[in-house]
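Enquirer: build me a structure from this.
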Amino acid sequence: MTTENVTVPNAVGWDGFREAEPGFAEVVEQRFAKYTHHVLATLRKDGSPRLTGLEADFRAGQLWLGMMPNSLKALDLRRDNRFALYANPGPGSEMDGGDVRVSGRAVEVTDPAQIEEWAAGTPDGGLPEVFHLFRVAVEEVVRVTIEGEEIVFRTWRPGGPPRTIRRGNDDAPPREDPLD
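Expert: Next up is the predicted model:
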């Protein structure tokens, strides 16, 4: 994927994921839409993880991450753009809609015209004058659900089909569903 003159090998924009797996992408977007705030994992200077709250924005075929100027998470991503974004699990332990995670690279958008175009689509127009905007380059999408007595992992990576792995609550090895 190339964006803002940055090439991210083995990654696609959200539109690439949606084109490859429209049903899976729709489920993931709906899961993120249930709540406003989610959890972003970045890497600190020393390599240890940093977890912070964040709003995810699916718009114009892309997944966007906006941040306050010079926030630690933005500075983390400028230094090392690897991240994981975990959808808010919501209250209780029902796993309503499953757990959803997107990981990849966050590519900062610095072109004023692109920032202005993105800002024009903001519903409430309540954007700060200065902020960091990142476009997501997707390297993996994961959804975890409970089906009966099994935990089910559905994963997708660019260039391949989705995989479904099932595991029971015993010592039997996980098994992978055959591809359709």
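
Enquirer: in this protein, where's the longest strand?
Expert: With DSSP state E applied, the strand covering the greatest number of residues in the chain is identified as strand 132-147.

Enquirer: what comes up buried for that one?
Expert: Neighbour-count burial for strand 132-147 flags 132-143 (criterion: 16 or more other C-beta atoms under 10 Å). The way it works is simple: take the backbone N, C-alpha and C, and place the C-beta from them, glycine included.

Enquirer: over to stretch 85-102?
Expert: Neighbour-count burial for stretch 85-102, counted by 16+ other C-beta under 10 Å, picks out 85-89, 97-102.

Enquirer: which of those scores worst on pLDDT?
Expert: Lowest pLDDT within the buried residues of stretch 85-102 is found at G97 (78).

Enquirer: would you map the strands across the chain?
Expert: Applying DSSP E to the chain gives strands spanning 2-3, 6-7, 37-43, 49-59, 62-67, 82-86, 99-108, 132-147, 150-156, 163-168, 175-176.

Enquirer: of those strands, which is nearest V28?
Expert: Across the strands of the chain, the minimum distance to V28, taken as C-beta to C-beta, is reached by strand 99-108, at 5.2 Å.

Enquirer: now that closest one, how far from the centre of its chain.
Expert: Relative to its chain's centre, strand 99-108 lies at 3 Å (C-alpha atoms, centre = their mean, to the nearest Å).

Enquirer: and stretch 24-40, by the same measure?
Expert: Counting by C-alpha atoms, centre = their mean, stretch 24-40 comes out at 9 Å from the chain centroid.

Enquirer: residues making contact with that stretch?
Expert: 14, 17-18, 51-56, 58, 65, 73, 83-88, 90, 96-98, 100, 102, 141, 143, 154, 156, 162 (C-beta atoms under 8 Å, 6 or more residues apart in numbering).

Enquirer: got the end-to-end distance for it?
Expert: Using C-alpha to C-alpha, to the nearest Å, one end of stretch 24-40 lies 21 Å from the other.

Enquirer: average pLDDT for stretch 22-34?
Expert: Averaging pLDDT along stretch 22-34 yields 95.

Enquirer: okay, buried residues for it please.
Expert: Buried residues in stretch 22-34, counted by 16+ other C-beta under 10 Å: 24-25, 27-29, 31-32.

Enquirer: hmm, back to that, need the strands of the chain in a markdown table with distance to E117, can you?
Expert: Converted to a markdown table, the strands of the chain look like this (distance: least, C-beta to C-beta, whole Å):
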| stretch | distance to E117 |
| --- | --- |
| strand 2-3 | 14 |
| strand 6-7 | 18 |
| strand 37-43 | 23 |
| strand 49-59 | 10 |
| strand 62-67 | 11 |
| strand 82-86 | 22 |
| strand 99-108 | 15 |
| strand 132-147 | 11 |
| strand 150-156 | 28 |
| strand 163-168 | 36 |
| strand 175-176 | 42 |
